[in-house]
Structures are given as C-alpha cells and as structure tokens.
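Chemist: I need the structure of the sequence given here:
(one chain, ligands or ions: 4)
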Amino acid sequence: MSEVRSTCPYCGVGCGVLLKADGQGGLAVRGDPDHPANFGRLCSKGSALGETVGLEGRLLTPRVQGQEASWDDALQLVADRFQQTIAEHGPDSVAFYVSGQLLTEDYYVANKLMKGFIGSANIDTNSRLCMASSVAGHKRAFGTDTVPGTYEDLDEADLIVLVGSNLAWCHPVLYQRVLAARKARGTRIVVIDPRRTASCDAADLHLPLAPGSDVALFNALLSQIQQRGAADADFLTHVEGADQAFAAAHESRLDPTGLDETLVQQFIDLWIGTQKVVTVYSQGVNQSSSGSDKVNAILNCHLATGRIGKPGCGPLSVTGQPNAMGGREVGGLANMLACHLDIENAQHRSVVREFWSSPTMPEAPGLKAVDMFRAVGSGKIKALWVIHTNPAVSMPDADAVSAAIAGCDFTVVSDITAQTDTARLADVLLPASAWGEKDGTVTNSDRTISRQRAALPAPGQARPDWAILAEVGRRMGWTAGFDYETPAEIFREYAALSGIAGRFGRDFDISGLGDLDDAGFDALQPTRWPVSAARQGGRFFADGQFFHDGGKARMLALHHKVPEAKTGPRYPFRLNTGRIRDQWHTMTRTALSPRLSAHLAEPFVEIHPQDAADQGIAPADLVQLRSPQGSAILRARITDAVQPGQVFAPMHWTGETAPCARIDAVVAAVTDPVSGQPESKASVVAVDRFAAKWYGFAVCQGDIDPRAEYWARARTRQGWRVEMAGLSEITDWEAEACRLFALSDAQVQSLIDVKRGLARIAFHADGRLLAALFVAPQPVAVMRDYLANLPGQDSSDALTGRPPADRPDPGPTLCSCFDVGVNTILTAVETQGLMSVEQVGAALQAGTNCGSCRPEIAALLAQVHQREAAE
Ligand SMILES: Nc1nc2c(c(=O)[nH]1)N[C@H]1C(S)=C(S)[C@@H](COP(=O)(O)OP(=O)(O)OC[C@H]3O[C@@H](n4cnc5c(=O)[nH]c(N)nc54)[C@H](O)[C@@H]3O)O[C@H]1N2
Ligand SMILES: Nc1nc2c(c(=O)[nH]1)N[C@H]1C(S)=C(S)[C@@H](COP(=O)(O)OP(=O)(O)OC[C@H]3O[C@@H](n4cnc5c(=O)[nH]c(N)nc54)[C@H](O)[C@@H]3O)O[C@H]1N2
Ligand code: SF4
Ligand SMILES: [Mo]
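Modeler: Ligands and ions are numbered 1, 2, ... in the order given. Predicted coordinates for the structure are as follows:
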C-alpha cells in the first residue's frame, strides 16, 4: 500500500507526515521529507501517532442520555432542541464552543451556521484560551491578524528571542530548526520565562522575569531603541503613534521586572545590536491579563526598528493547535466574521450575508469563552454544542465550568472519545471521525495551508465534524446553505469568499484556490497564503503597507500592569501552568501511548527548595494547592527551575487520569480586557503538604478501580501504573487489593506489616504477574519504571520492588522513541566517558530520532560533568 501524505494533528508547527495503514487498523507514521515545516523531522508526539489510532476508548455510536441512538434520532433531537430554544428565547440563547483543532472546513460550516443562519455570534473557540491576545495585538498594530514572517526566518536569524515559549517541548521541530541555525551560523538564543525550562539549555541568556512583567521589559528595550538612535526613521514614516509609544516606554523603562540590571542590559544590547532578530512568543505572553499589551510591546520594538517581514527578522507568534491559524482565518472567534472580515463592519456583514444567502446576521460580537460559560451557568444560554474540545478540564475555574455544563438545559458534545470530563456531561454525544480518518485543510503558524488526508476508514458510525454540522443545518431548515457533500466543496466556497474579502482590501485572500476541482484539492501541496492574482505567499509588511485605514501601522503607548490576582497571606504563591513534552492537552490521545506516558507519568508541581523547606515538603511528598476557586493535589518536584514564591503545574491531568489533579479547578477566570483571554499563568494559591495516611503504587495488566483521595494513572505497555494516597485508614490491604484489581481467583503473594503500615501484594496466574500493590505510610520507594513493565512477565520476586542485580533499573524514560531511561544514560555517561549529546546518541540511540529529548540529555551531561569537575 502506498503512503498517504498528511499533517500532524498536534501542534501549530504543522509537520507533514507520511502514513501507511497496515490494513488492520494500525498506522505507520514518518516525517514527510518534502514538507516545508519539518523536512522529515517529527517530535516524540508525532512519532508516536501510530500508537494512538486504536479503537480503545473510541466513541463509535451516537448516544442520547447515555443510551445508544441512531444518527437520525440524535441529529433530529439536536436540530429540534436548538430550533425550539431559538424560537422561545432568541438566537443568543444558544452557543457553539469549538476548537483550533477543527479542520478549516469544519470550522467554516460551524461559523456559517451560527453567524449566518442561527443569527447569533455566540460561537467561540478554545483559541480564546490560546491565541486571542495575539489576534488582538496583531489587529491593533497591523490592522489585520497576520503573522508577518515565515519559518525560514528562524533559519536566517542571528538572534532568536523566546518570550513565554517553551519551544523545546511545545514546538519541538521548530526548536530543532533553531538549534540547526545556531550550529550553522552561531544564532544566539535568549529565553524570557520566569521558569528555567528545557528551552533554556541551549540559551545564551535566560531572563527569569517576574510573572507578567514582559511589558516593562520590552518598554525598557523600546526606550533604549529610541534613546540610542536605533529606530528606523524611514520605516517609521509607515507607523503612527511612535512618539507616544516611545514616551510611555521611557516613562515605564524602570518598572520592576525582578531582573538583574546587567542581564537586562545584555539582552537589550544584543537585541539592538543584531539586525536579524526574530522574537518568538507564545502562552507566557498571550495567557495574561495584559496579554494583548505584551504582544504590542513586542510588536512596538519590531515596528520601531523596521525589523519586520524581512528575511531573518520579525515577530513570530507561534500557534498552539494545528489549525489555530485556520480558525482565525475562517472567523471562529466570536468577534470575527470570516476571511479577516469584521462582524462590526456593516459593509462586511452585508457582503458575507449576500454571499451566504443568509437569512440573518448578528451585528455585534458574541460571548467570549469565559463569558460564554458564565452565561451557560446563569441559564442565559440554554443549548450548547461543544465540538473537539474539553472545557470541563481546560477552562479556568473548571469546577464552575463543569457545573455550568451539567446544569445546561441541553448540551451536545462531538468527540472521538467516549469518556471525557466534558463528554460525561452531555445530553447528546456525537461520534466524530478522528485524525487519520478525515480530509480537509489546516493552517500552521507561518500561514502554510496543508492537507490532512484519510489513511484509515472511519470506525463504527463516526462521521466528520463538517458533515455532522451540515446535517444539523439542513435539519434546521437551511437545506441550500448546507448542501455539502465533500470538504472540497466547502473549501472552494471558502476560497471564493476570501476573494471578496480580498477585494475589500483584506490580506487573507486565497481566491487563487477557488477553482480547485476535487482532484486538485486532493493533490493540494503545502501552500502559504495569500494565493490570489495579486499575491502569492511571501512575507508581509516590509513594504510598509498595513491594513488600518490610511495604510499605516500603529505603535501603542503601553504601561506595565502586574497580574490581576494579588498574592497575600492566604494565597502566598503564584501558580504558573503549562505543558509537558509528551502529553497533548487533556491527554485523550497521547495518554493512549505507553511511550509518551513514560516520560512524566504523574501530575506534579514544581516548587523551589526554599519554599519546600518552609512548608515542610520533602521530595515525592504530595502537595495540595488551594485557591479561591478550588484545589488540586500533585506530586512535589523540588527544583530551583522555579523561583521562590512561584509554583508550576502542568495542565494535562483530568477526571479520567487523576481527578484531584485538574489544575484548572484552581486557576482563576481572570481575563485580558482587550482579548478576553484568560490569565492561565498567574493565579494565586496556598501550598501545603498533603498529609496522607498511606501512599500506594500499583501496576497491573487489567483494569483498576482506585478509590482514594489522590490517584493518578498512566498507561504502560502491559496495562497501568497507578499512584495513590489516602486519608482514611485501611486495615485489610489484601481485601483492598482484590477489590482494586478485581482479581479474586489469582494466586496471592503478600508481605504485610500491619504495625508499620507496610503492605506488598502481588497477584499471579500461570506463573505470570497480573498485578502488584505497594503500600507505605510514606511515599512508596520502589523502582517504578522497572515494575511498570513487569505485569505479564514471569516475575516471582516482584515484591522486592526492585530489579534483580543483573537487571539494572533504567529509570524514568527520557528518550520516548527508543525507550531509554535516565539511569541508563547516566551510567553510560559515567562509565563510557561520553561528552556530548551526539556521543550519547551513538552509544544508546537516545535522542537520535525526533530529538525532543536532546535538551534533557544535554542537561544530564552537564550535571554529571559539573559533579565530576567538583570532585
Ligand atoms: N507537548 C505539547 N506541546 C504542545 C501542546 C501540548 O499540550 N503539549 N499544546 C500546544 C498548544 S495548544 C499551545 S498553545 C502551545 C503552548 O506553547 P508554550 O506557550 O510554549 O507552552 P506553555 O508551557 O503553556 O507556556 C510557555 C511558558 O510561558 C511561561 N510563562 C509563564 N508566565 C510568564 C510570563 O509572565 N512571562 C513570560 N515571558 N513567560 C511566562 C511558562 O513558565 C512556560 O514555560 O503548545 C503547543 N504544543
Ligand atoms: N491552566 C491552563 N489551562 C489551559 C492552558 C494552560 O496553559 N494552562 N492552555 C489553554 C490552551 S492554549 C488550549 S489550546 C486549551 C486546550 O484544551 P482542550 O481543547 O480542551 O484540550 P484537548 O485535549 O485538545 O481537547 C480536544 C478534545 O477533542 C477530542 N477530539 C479529538 N479529535 C477529534 C475530532 O476529530 N473531532 C472531534 N469532534 N473531537 C475530537 C478529544 O478527544 C478531546 O476531548 O487548553 C487551555 N487551558
Ligand atoms: S512538532 Fe511534533 S507535535 Fe508539532 S506538528 Fe511536528 S510532530 Fe506534530
Ligand atoms: Mo493552545
């Protein structure tokens, strides 16, 4: 069978992949050497895609109130209930909450249905939590939401500044490009992040600024740009507001950033002294109560110096989701129309309305995500359709959001997974086709439109999202408007609409693709927009042509603001949240892969050693975070990667994987006043040791039913590994273990010391280990990575909790591709005298495939060599 060209469904790098189906539901995945985003490279998540396409956990049929239903019944119910609600309470009583992971064609139909036919603008997307501040910043500066540069700028830059971006883990293939540029031309790297991340490992400078102080830092830079005569006077003839921006920057140049002055000066000298500078920014910038201002503070510096849209220089907002950019183009946000046309512009409304032959169109923006769920909670929104996103986990104040969804009169959820925290709350659950099974387009961070193509048949009754939406549109009575049979048809309509936008002077114009026939759509190669008679791809703005009335760009006068929530005696710590290398968001797909689950198998909180000592928290203790919104229990990782007074926790764990570690239950729903984007990185919390009576660690082949105040599970090659901790005394551990694993007939082997609260119990059948439980009054000390893969094997000595002397413990997996553990690497470094990441690769293969773990291998090498130097 030949390979199918497609695009990775995870991050906004938008890597090309080649897929080969094995005919039995499996898929082999490799990087597409010809795709301009990755040239064959893939990160750990992309490489493991084949492990995540199985049918385990898939939603295969529609369900109404938990019962299987036919498509006909389910869709009719959705159409009827939406129609009734609109008839009784008006169009603004319904809402769609969608996703930057939808394909452009799905997005286009959802937006058209809500804005053009239902007649409300209550469609918003998880991109509100992700890109909204960048959108707002771009529009304020350029008059349009456009990323000026391209990925090639990373190859050609002499200085790359990562602001609030952990590129090494979140856009690993772009990070590989950055490292390649460093090697080829000595590109300098600066990281601006309160936390020391994997992206700092290769950095020339790391500026651990105070949370939220980016505007102050970039104002200091802007002030010196002006004072030192580094502004580009010619380019500034294309810019309005420069004097006011300089004045404001000068005024606030000394606002506190918490940084050492010489460090700041080094950064400013480097920035001013390097013509080819790319400033890459992501959620440390966007997810802030001053997110839009942070974006404009960065754009100000690039506009002032004319370093924009030229090879090797410019601001580069990296998108998170695979189609975050496509969603912005198609008008997925509540305050946009379609094709960069504005909902508040009467002329724009009228041309789109005419183009769609639509009966009605809202005149004002709809509710943004946080307000939307508040309106669901207050009963103002009575029918809600959630598509391709898991807000019960990922929205700030997530307990309140869950309660709002649960209390909504009518909730529809389209997902591929049967059990998600949001799916569990649905009245109607609709099975969508997944990545690998569906066709359409996505746009990545540098405006490149790529095809996703199907390589697998849709299982069960699953249908593509666009088809489900179009069918509901037809059943609501708008037959002609939603008469689509293929995604190609939708794409052509969209491209034609963009041509109209182009005639209005909008930059998003792909009318050149409007007459692609089905075969042409099938064969579409990665293409950077615009694609019109006037323009093809390329960069924007070097010519000084912007999209505000009058054609000029705008610099903004900005003032530093501290994060909205203030620390105090009750909530003395600042909570930062984000991502880990091998999991994707709410883990519905990546957690299916044992490889990806092995890197960081448990939810955790990073806390500074000094704070840990003050709070009486020891390594591996559990920690409870409490905020006015809610609480979470997480494993302590004591590290000076975070600063004193700050803690960091990942966003990934859910009711399915670790119910008490849902970090968004703790995060406050504070938003940026301009963009409406939540401040996911600066809540305030109290931090206390969680005083568990007992701790447990279990491995098993089959299912497990943990019932404890704390538990977290991760997939292994054979089954599960589970961490537990409880507050109530358990007297009969053998009985509890039987219940836990539902194993009553197996052979039991146990070591129990009731007085000391110790228990070790193993279950065997036919000489093979089925499950084992280890309990202690302190965090359990066993060799987890060894035990995790023991079930299914002949292992009569499992209760020792450690490998026999002739089988060393590999330690936590560092290289997911080749399954190489930390201990294995450390031993090889020490015994073989390895000096470089390349030598580690040659000896162990680690880091030689996707390269995502290379920063961590470098850190291990540095650790060993530092220790050796000190000895
Ligand atoms: N492995 C993996 N990769 C992903 C994803 C995933 O789930 N897993 N998700 C994708 C998505 S949708 C997105 S949006 C991107 C996100 O990609 P990133 O934005 O790179 O990821 P985050 O970890 O959310 O946050 C980045 C950094 O912002 C820092 N930060 C916090 N507060 C501040 C501040 O005030 N100023 C500055 N300068 N920095 C601050 C944090 O310490 C953190 O290291 O990743 C994409 N890629
Ligand atoms: N504290 C904190 N919270 C955050 C963030 C943070 O940094 N910190 N980051 C925010 C950001 S940037 C983002 S982007 C969001 C992401 O948060 P979410 O969008 O809520 O997370 P996902 O896990 O990506 O949810 C995708 C859902 O779609 C389902 N799905 C997969 N494929 C398909 C398909 O083809 N069709 C349909 N219909 N469904 C499908 C999956 O099973 C899953 O349930 O989280 C935000 N929340
Ligand atoms: S960097 Fe990784 S997750 Fe992002 S698109 Fe490429 S392979 Fe997928
Ligand atoms: Mo995101």
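Chemist: what does stretch 240-247 contact?
Modeler: By CB atoms under 8 Å, 6 or more residues apart in numbering, the list of residues contacting stretch 240-247 from outside reads 222-223, 226, 231, 236, 300, 303-304, 548, 550, 552-558. To be clear about C-beta, it is placed using only N, CA and C from the backbone, and glycine gets the same treatment.
Chemist: nope, stretch 434-441 is what I was after
Modeler: In contact with stretch 434-441 (CB under 8 Å, 6+ apart) are residues 6, 9, 19, 27, 49, 53, 58, 103-106, 326, 416, 449-459, 462, 464-466, 486-487, 491, 524.
Chemist: does ligand 3 sit close to that stretch?
Modeler: No: for stretch 434-441, no contact with ligand 3 is found by CB under 6 Å from any ligand atom; the gap never falls below 10.7 Å.
Chemist: Any residue of that stretch touching ligand 2?
Modeler: Yes: if you take CB under 6 Å from any ligand atom as the test, stretch 434-441 does meet ligand 2, through Ala434, Trp435.
Chemist: on that earlier part again, if any of the contacts of stretch 434-441 are buried, put those into a PyMOL selection.
Modeler: To isolate the buried members of the contacts of stretch 434-441 in PyMOL, using 16 or more other CB atoms under 10 Å:
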select buried, resi 6+9+19+27+49+53+58+103+104+105+106+326+416+449+450+451+452+453+454+455+456+458+459+462+464+465+466+486+487+491+524
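Chemist: What about the contacts of stretch 434-441, which are in strands?
Modeler: Counted as lying in strands by DSSP state E, out of the contacts of stretch 434-441, are Ser6, Leu19, Leu27, Ile449, Ser450, Arg451, Gln452.
Chemist: what's the neighbour count on the residue of the chain found nearest ligand 3?
Modeler: Closest to ligand 3 within the chain is Gly46: 2.4 Å, counting by CB to the nearest ligand atom. Burial of Gly46 is recorded as 25 neighbouring residues (other CB atoms under 10 Å).
Chemist: what's the farthest-apart pair in the ones in strands among the contacts of stretch 434-441?
Modeler: Spatial extent of the ones in strands among the contacts of stretch 434-441 (CB to CB) is set by the pair Leu27 and Ile449 at 23.2 Å.
Chemist: which SS class is the residue of the stretch 651-800 of the chain found nearest ligand 1?
Modeler: Going by CB to the nearest ligand atom, ligand 1 is nearest to Lys681 of the stretch 651-800 of the chain, at 3.8 Å. Three-state call for Lys681 (DSSP: H, G, I helix; E, B strand; the rest coil): coil.
Chemist: neighbours around it, how many?
Modeler: Count around Lys681 with other CB under 10 Å applied: 26.
Chemist: likewise Gly568?
Modeler: 8.
Chemist: Arg867 now?
Modeler: Neighbour tally, Arg867, other CB under 10 Å: 10.
Chemist: Please name the residues that touch the closest residue to Gln287 other than its chain neighbours.
Modeler: Nearest residue to Gln287, sequence neighbours excluded (CB to CB, 6 or more residues apart in numbering): Ser680, at 4.1 Å. Listed by CB under 8 Å, 6+ apart, the contact set of Ser680 reads Leu129, Gln283, Gln287, Pro396, Thr577, Met651, Asp664, Val667.
Chemist: Recalculate using a threshold of 6 Å.
Modeler: Gln287, Thr577, Val667 (CB atoms under 6 Å, 6 or more residues apart in numbering).
Chemist: Please tell me how far Phe482 sits from Ala458.
Modeler: According to CB to CB, to the nearest Å, Phe482 stands 20 Å off from Ala458.
Chemist: got it, and Ala665?
Modeler: Distance from Ala665 to Ala458, by CB to CB: 34 Å.
Chemist: Would you map the strands across the stretch 201-350 of the chain?
Modeler: With strands called from DSSP state E, counting those that start in this stretch, the stretch 201-350 of the chain shows them at 205-207, 239-240, 277-281, 314-317.
Chemist: which other helices and strands contact the last one?
Modeler: Counting by 3 or more CB pairs under 6 Å, 6 or more residues apart in numbering; DSSP states H and E, the packing neighbours recorded for strand 314-317 are strand 277-281, helix 291-304.
Chemist: Buried deepest among the ones you listed, which one?
Modeler: Of all these, helix 291-304 carries the top mean neighbour count, a mean of 29, counting by mean count of other CB atoms under 10 Å.
Chemist: Could you name the helices and strands sitting against that helix?
Modeler: helix 132-142, helix 214-227, strand 314-317.
Chemist: Look at the residue lying closest to Ile607 once chain neighbours are set aside and give its secondary structure.
Modeler: Spatial nearest neighbour of Ile607, excluding adjacent residues (CB to CB, 6+ apart): Val647 at 5.1 Å. Counting by three-state DSSP, the backbone at Val647 sits in strand.
Chemist: what pLDDT does Val647 get?
Modeler: At Val647, the pLDDT value in this model is 98.
Chemist: so what's it up against?
Modeler: Here Val647 is in contact with Phe573, Leu575, Val605, Ile607 (CB under 6 Å, 6+ apart).
Chemist: What distance do you get for it to Asp614?
Modeler: 13 Å.
Chemist: How much space separates Ala210 from ligand 1?
Modeler: 8 Å (CB to the nearest ligand atom, to the nearest Å).
Chemist: same question but for Ser511, I mixed them up
Modeler: 29 Å.
Chemist: and what of Leu207?
Modeler: Shown here: Leu207 relative to ligand 1, a distance of 8 Å by CB to the nearest ligand atom.
Chemist: Show me what the residue lying closest to that residue once chain neighbours are set aside is bridged to.
Modeler: Excluding the flanking residues, the one nearest Leu207 by CB to CB, 6+ apart is Ile192, at 4.7 Å. Ile192 has these beta-bridge partners by DSSP bridges: Val163, Leu207.
Chemist: Just give the number of residues close to Ile192.
Modeler: Ile192 - counted by other CB under 10 Å - has 27 other residues nearby.
Chemist: Likewise for Ala870?
Modeler: 6.
Chemist: roughly how far apart are it and Ser450?
Modeler: Distance from Ala870 to Ser450, counting by CB to CB: 49 Å.
Chemist: could you dump the helices and strands packed on helix 291-304 to JSON lines with distance to ligand 2 and mean neighbour count?
Modeler: Compiled in JSON lines, these are given as follows (distance: least, CB to the nearest ligand atom, whole Å; neighbours: other CB atoms under 10 Å):
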{"stretch": "helix 132-142", "distance to ligand 2": "10", "mean neighbour count": "26"}
{"stretch": "helix 214-227", "distance to ligand 2": "16", "mean neighbour count": "24"}
{"stretch": "strand 314-317", "distance to ligand 2": "12", "mean neighbour count": "28"}
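Chemist: In the stretch 501-650 of the chain, what residue lies closest to ligand 4?
Modeler: His585 (7.8 Å; CB to the ion).
Chemist: Next up, the contacts around that residue.
Modeler: Here His585 is in contact with no residues (criterion: CB under 6 Å, 6+ apart).
Chemist: again, 8 Å this time
Modeler: Each residue near His585 by CB under 8 Å, 6+ apart is listed here: Asn390, Ser394, Met651, His652.
Chemist: and stretch 853-867, does that touch ligand 1?
Modeler: No: using CB under 6 Å from any ligand atom, stretch 853-867 stays clear of ligand 1, coming no nearer than 12.2 Å.
Chemist: Also stretch 243-257?
Modeler: No: judged by CB under 6 Å from any ligand atom, stretch 243-257 stays clear of ligand 1, getting no closer than 9.8 Å.
Chemist: Dump that stretch to PDB, restricted to CA.
Modeler: Output in PDB follows, covering the C-alpha atoms of stretch 243-257 (Å, rounded to 0.1, in the frame of the first residue of the first chain):
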ATOM      1  CA  ASP A 243       6.200  59.200  19.700                       C
ATOM      2  CA  GLN A 244       3.600  58.400  22.300                       C
ATOM      3  CA  ALA A 245       4.800  54.800  22.400                       C
ATOM      4  CA  PHE A 246       8.400  56.000  23.000                       C
ATOM      5  CA  ALA A 247       7.300  58.400  25.700                       C
ATOM      6  CA  ALA A 248       5.300  55.800  27.500                       C
ATOM      7  CA  ALA A 249       8.200  53.300  27.200                       C
ATOM      8  CA  HIS A 250      10.600  55.800  28.500                       C
ATOM      9  CA  GLU A 251       8.400  56.600  31.500                       C
ATOM     10  CA  SER A 252       8.000  52.900  32.500                       C
ATOM     11  CA  ARG A 253      11.500  51.800  31.500                       C
ATOM     12  CA  LEU A 254      12.400  51.200  35.200                       C
ATOM     13  CA  ASP A 255       9.200  49.400  36.100                       C
ATOM     14  CA  PRO A 256      10.100  46.300  38.100                       C
ATOM     15  CA  THR A 257      10.900  43.100  36.100                       C
END
